[in-house]
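*Asks:* everything below, folded, please.
(one chain, ligands or ions: 1)
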Amino acid sequence: MRNIREDNLSDIVLERLNCDSERDREILTKLIKHIHAFVKDLEPTEDEWFKAIDFLTRTGQTCNDKRQEFILLSDVLGVSMLVDFINHRTQNNLTETTVTGPFHTAALNFEMGDNIARGKEEKRGKPTVVRGRIFGENDQLISNAVIDVWQSDDIGFYDIQDGDQPEMNLRGKFKTDKTGEYWFRTIKPAPYPVPTDGPVGELLKASGRQPMRPAHIHFWIKAEGYHQLITHLFVKGDEHLDSDAVFGVKESLILDFKLNHSSEDANQWRVKSPFYEVVYDFKLAKNKT
Ligand SMILES: [Fe+2]
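*Replies:* Numbering: from 1, shown residues only. Prediction:
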C-alpha cells in the first residue's frame, strides 16, 4: 500500500499489526486507535508535537533509582487511580487500595515494634505508634505477612528527596507472627507537595493545579495465598484530603491519629508521652488462582 493519505493512514497502521499474542494485538490496536483519534481531534501544530516529544523525553530523563517521574505523571493524570479502580472492583469488606506513588524504594527489615524514624531526625517529629492486625477475607489472621511501609517526615520530605535524612529513613519491612499482629514506631507524617521541579511540575502549573498530598503512611502488604495490598492510611483532619494531587484518597482509609497522654501506654509502646496512636486492621483478598 503506497497510496497513504490522511483518511486511510490509521487503518493502514492497524493492518500492519502481526502480533503473536492476542493481548498484545488488543493493546496495540486500542493504543493506535485512541492516539490517532486524539491527534485527529486536536490537530496539533508541529511545534506542539515536538513539545510533547520533548516533555516525554524529559520525563524519562528525570527518572533514576530515586525518582520516578513517569509514575508521578500517571498519578497526577488520574491514570494510576483508574487502573487501581479497574483492578479492585469487587472489594466487599476488604481494605481499599490506592496508588503506589513514586517514592517506594528498598527498605531494611525490622523487628516488630522497632522505630522506622532513624538517626537524629527522630527527634524532629511527633512520636507515633501504628498497630493492628492483618486478616484474610474470611477473618482468619495472617501469619508471615510482610508489611512494607514508607512515609514522609514531619515537614513533608521522603528520605530520597532530602540529603539531611539518614538513608532509608521512615521506611521498613516487618513480618507478622502467628498472631497476625503488627506494630511499629514512627513519627506523624506531614502533607507534602509532589515534586514540582520536573516536567510533571510544569504540567501541574499549566493545569492551574496545586501539588499537595494529604499526610499519609504507605503500606504494601504481601502474604502467601493472598493478593498483595497496596494502600495508604491518611491522617484525619488534613486540609488536603479533598484536593489530593494524585486523587488517591478513599474515605475508609482516613484514620484518627489520636493523641495519647497516658505515660503507662507510652511505656508499653516504648515512646515518649504524649504520642499519636493509630490502629487499623488490614483485610486481604485470598488468591483465587
Ligand atoms: Fe506518599
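
*Asks:* assign the closest residue to S74 other than its chain neighbours to helix, strand or coil.
*Replies:* Using CB to CB, 6 or more residues apart in numbering and skipping residues adjacent in sequence, the residue nearest S74 is S80, 4.6 Å away. Any C-beta I mention is one placed from the backbone N, CA and C, and that applies to glycine too. Following DSSP: H, G, I helix; E, B strand; the rest coil, S80 is assigned to helix.

*Asks:* all strands for the chain, in order.
*Replies:* Ranges of strands in the chain, per DSSP state E, are 127-136, 146-151, 171-175, 181-187, 192-193, 212-213, 216-222, 229-235, 254-255, 258-260, 275-279, 282-284.

*Asks:* between the ones you listed, which gets nearest to G60?
*Replies:* Nearest to G60, of all the strands of the chain, is strand 192-193, at 21.9 Å by CB to CB.

*Asks:* for the closest one, packing partners?
*Replies:* Judged by 3 or more CB pairs under 8 Å, 6 or more residues apart in numbering; DSSP states H and E, strand 192-193 is in contact with strand 212-213.

*Asks:* for the residue nearest to S74, what are its contacts?
*Replies:* Neighbour list for S80: I71, S74, V99, T100, V246, G248 [criterion: CB atoms under 8 Å, 6 or more residues apart in numbering].

*Asks:* just checking, the third one touches M81?
*Replies:* Right, the one you point to is V99. Yes - between V99 and M81 there is a contact at 6.0 Å, judged by CB atoms under 8 Å.

*Asks:* who's more crowded, these two?
*Replies:* The residue with more neighbours, out of V99 and M81, is V99; 23 against 20, by other CB atoms under 10 Å.

*Asks:* now do the more buried one, the pLDDT please.
*Replies:* pLDDT, V99: 92.

*Asks:* so what's it up against?
*Replies:* By CB under 8 Å, 6+ apart, V99 lies in contact with D75, S80, M81, D84, I230, H232, V246, G248.

*Asks:* same question for N287.
*Replies:* Contacts for N287 (CB under 8 Å, 6+ apart) come out as G225, Y226, H227.

*Asks:* do the same with P193
*Replies:* Counting by CB under 8 Å, 6+ apart, P193 touches G156, Q210, P211, M212, R213, A245.

*Asks:* and those, which of them are buried?
*Replies:* The neighbour-count test (16 or more other CB atoms under 10 Å) marks G156, P211, M212, R213, A245 as buried among the contacts of P193.

*Asks:* how about the last one, what does it touch?
*Replies:* Just to be clear, that refers to A245. D75, V76, P193, V194, L204, R209, Q210, P211, M212, R213.

*Asks:* can you list the contacts of N287 in TSV and add neighbour count and pLDDT?
*Replies:* TSV is the format used below for those (neighbours: other CB atoms under 10 Å; pLDDT from 0 to 100):
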residue	neighbour count	pLDDT
G225	10	95
Y226	19	95
H227	19	93
